[in-house]
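In: just need the structure, nothing else, for what follows:
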Amino acid sequence: MPRLCLMLDLKGDPTLIAEYRRYHEKVWPEVTQSLRDAGILEMEIYLRGNRLFMVLDTAEGFSFEAKLKADAQNPKVCEWENLMAKFQQPLPGSKPGEKWQAMDLAFKLSEQV
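Out: As a prediction, the model looks like this:
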């Protein structure tokens, strides 16, 4: 199963970070269903300071483009994304409008001899 890793920063305000964490204790069911419908089998988000690290395990054929298109048609997902935007800030070097940034694999133990 394909694994994708992404990063994003939160605004460096402890109150906002705490609120972000509270929202993620009970993500809206429409949002979690949209993730499953897109072929995301598992998602984990880790937090260190204000840096987020997301791990996605996806089904074969998963497409970010298809996910974004479906999200744009889902009012609850749009509402969630607009809400989350108040907590988030782009990584240094991001292009305008870019949020989560994909990471490149640098090492994999199972590929070592």
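In: all contacts plus neighbour counts: C-alpha atoms, from now on.
Out: Noted.
In: what's the local residue count around Phe64?
Out: 11 (other CA atoms under 10 Å).
In: other residues contacting stretch 68-76?
Out: The contact list for stretch 68-76 (CA atoms under 8 Å, 6 or more residues apart in numbering) reads 30-31, 34, 77-78.
In: if you rank those residues by neighbours, which is first?
Out: That'd be Val77 among those, by other CA under 10 Å, with 21 neighbours.
In: show me what contacts that residue?
Out: Listed by CA under 8 Å, 6+ apart, the contact set of Val77 reads 30-31, 34, 71.
In: filter the residues you listed down to the ones in helices?
Out: Using DSSP state H, 30-31, 34, 71 are the members of the contacts of Val77 that sit in helices.
In: helix, strand, or coil at the residue minimising distance to the centre of the chain?
Out: Averaging the C-alpha coordinates of the chain gives a centre point, and the residue nearest to it by CA atoms, centre = their mean is Met54 (5.5 Å). Three-state call for Met54 (DSSP: H, G, I helix; E, B strand; the rest coil): strand.
In: the residue nearest to it when sequence neighbours are not counted: neighbour count?
Out: Spatial nearest neighbour of Met54, excluding adjacent residues (CA to CA, 6 or more residues apart in numbering): Ile45 at 4.3 Å. Using other CA under 10 Å, Ile45 has 13 other residues around it.
In: counting by contacts, list what the helix or strand containing Ile45 packs against.
Out: Counting by DSSP states H and E, the secondary-structure element that holds Ile45 is strand 40-48. Secondary structure elements in contact with strand 40-48, counted by 3 or more CA pairs under 8 Å, 6 or more residues apart in numbering; DSSP states H and E, are strand 51-58.
In: mind running it again at 10 Å?
Out: strand 3-10, helix 29-37, strand 51-58 (3 or more CA pairs under 10 Å, 6 or more residues apart in numbering; DSSP states H and E).
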